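Q: Coordinates only, no sequence provided:
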């Protein structure tokens, strides 16, 4: 019998098999009928400490018996208050910058970005109403970026086959070239010129672009981009949806550049990957621009499940893990193990351009057909799956972003399969 499920980013017309996962624990996914897969990509970059982490599972179960859901428009509950304060406490800080002191909850990375964009435009709209500035509407973006799949998030991401059908709905943006090695100054000059035209905001994935091909740029460039925005009074938005929660080696990628954004979006690992939740953090000026005795100037955004109590309980448990356990130590050890094995893999003639940031590692398989729709990606995915790995290559780019509980034996298995992939696909390329 054909399943009625319509899967995301999956072409059903190709009739590719769809594995049925029955349960998960740590870094392992257990399949119906036996067999396991090592989750090499944290199930789309969300799982941090491992699947079904006991502390997070217990928090979810406990909260489910107390309060499951509450309208958050003018009401509140303990888990949301705890998580909001916890996020403010751990957010990036700097002596010369306004802190990220206000937390707006949502339910996915895309909506967290939508909220960030609406906050930025609302800020300039309300300041114009008060006669404090001219209205500003234009958003600047970084080339090759990805920020989600809702309309606003797609608008500030790279244009391509994955959003071509909806191009009439997307708003125009200013694109800043990616700071490839040796071209960093061109990027900074382009941003300086664009900011001189007084746009509303500049949104970036700090230090590494995810879906754009795991492209890495240095912290000093991120720091200077933020400084340029500050000089021109342009809001700086950091999309830490993927980069947050330790992926880049620090809790948030912005920390490595000493950057405190005006607005920061977080999601994915906020609950350890157990249940959907997201948040957009804003500085006091953003909040104050919306605070008024005039009800017409409130921030018009919400979803039915904003700050869902069960999701917030999971996030509170995740924050406790970060406070009480040496998560960054585990990340450092895992990153070191990945670096050693990646260096050996890079010696294989089928691979090129090895790169790593924290516990994100990527390498390109040399191939004539390297685009997003290359047949190489599904072939690599199937090859890995047959050998016990969950991978999802980006064209010819194979990347790893595993849960932090991945052990040395599992890491050896992962890189052994990648070595075999080089043997199998390198010759045909």
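A: Here it is on my side, so go on. Everything numeric in this text was worked out from a predicted model, so none of it was measured.
Q: in this structure, which ranges drop under the pLDDT threshold?
A: The chain contains residues with pLDDT under 70 at 1, 427-429.
Q: how does it divide up, domain by domain?
A: 12-52+328-426, 67-324 (automatic domain parsing).
Q: end to end, how far does the first one reach?
A: Spelled out, it's domain 12-52+328-426. One end of domain 12-52+328-426 sits 28 Å from the other (Cα to Cα, to the nearest Å).
Q: same thing with the last one?
A: One end of domain 67-324 to the other measures 26 Å (Cα to Cα).
Q: residue nearest the centroid of this protein?
A: residue 242 (1.7 Å; Cα atoms, centre = their mean).
Q: pretty sure that one is touching residue 48, no?
A: No: taking contacts as Cβ atoms under 8 Å, residue 242 lies outside contact range of residue 48: 11.7 Å. All C-beta atoms are positioned from the backbone trio N, CA, C, and that covers glycine.
Q: Verify the contact between residue 338 and residue 356 for me.
A: Yes: look at residue 338 against residue 356 with Cβ under 8 Å: they come within range, at 6.4 Å.
Q: What is the neighbour count of residue 131?
A: 7 (other Cβ atoms under 10 Å).
Q: My error: substitute residue 164 in the last question.
A: 9.
Q: related to what we said a few turns ago, with residue 214 as the reference, measure out to the residue nearest to the centre of the chain.
A: 10 Å (Cβ to Cβ, to the nearest Å).
Q: overlap in contacts of the two?
A: The contact sets of residue 242 and residue 214 overlap at residue 208 (Cβ atoms under 8 Å, 6 or more residues apart in numbering).
Q: next structured bit after the top helix by length along the chain?
A: Longest helix of the chain, by residue count under DSSP state H: helix 109-129. Scanning forward in sequence from helix 109-129 by DSSP states H and E, the next helix or strand is strand 139-142.
Q: Report all helices and strands that the helix or strand that that following strand is followed by contacts.
A: Once the chain leaves strand 139-142, the next helix or strand it forms, by DSSP H and E, is helix 151-155. Here helix 151-155 touches helix 109-129, going by 3 or more Cβ pairs under 8 Å, 6 or more residues apart in numbering; DSSP states H and E.
Q: Give the buried residues for the helix it packs on.
A: Residues 109-127 are the ones in helix 109-129 that count as buried (16 or more other Cβ atoms under 10 Å).
Q: same check, this time on stretch 20-34
A: Buried-residue list, stretch 20-34, by 16+ other Cβ under 10 Å: 21, 24, 26, 27, 28, 29, 31.
Q: in this structure, which spans are helices?
A: 42-45, 54-64, 78-90, 109-129, 151-155, 184-195, 219-231, 284-290, 309-324, 327-345, 376-386, 408-426.
Q: okay, those helices in CSV with distance to residue 370 next?
A: Shown next, in CSV, are the helices of the chain (distance: least, Cβ to Cβ, whole Å):
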stretch, distance to residue 370
helix 42-45, 22
helix 54-64, 38
helix 78-90, 38
helix 109-129, 26
helix 151-155, 23
helix 184-195, 23
helix 219-231, 25
helix 284-290, 40
helix 309-324, 37
helix 327-345, 18
helix 376-386, 7
helix 408-426, 12
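Q: For residue 395, which of those is the nearest?
A: helix 376-386 (5.7 Å; Cβ to Cβ).
Q: what about residue 267, how many residues close to it?
A: Neighbour number of residue 267 under other Cβ under 10 Å is 28.
Q: Tell me the backbone dihedrals of it, please.
A: phi -170, psi -140 (degrees, to the nearest 10).
Q: correct me, but it touches residue 109?
A: Yes: Residue 267 is within contact range of residue 109, at 3.9 Å (criterion: Cβ under 8 Å).
Q: Many thanks, have a good one.
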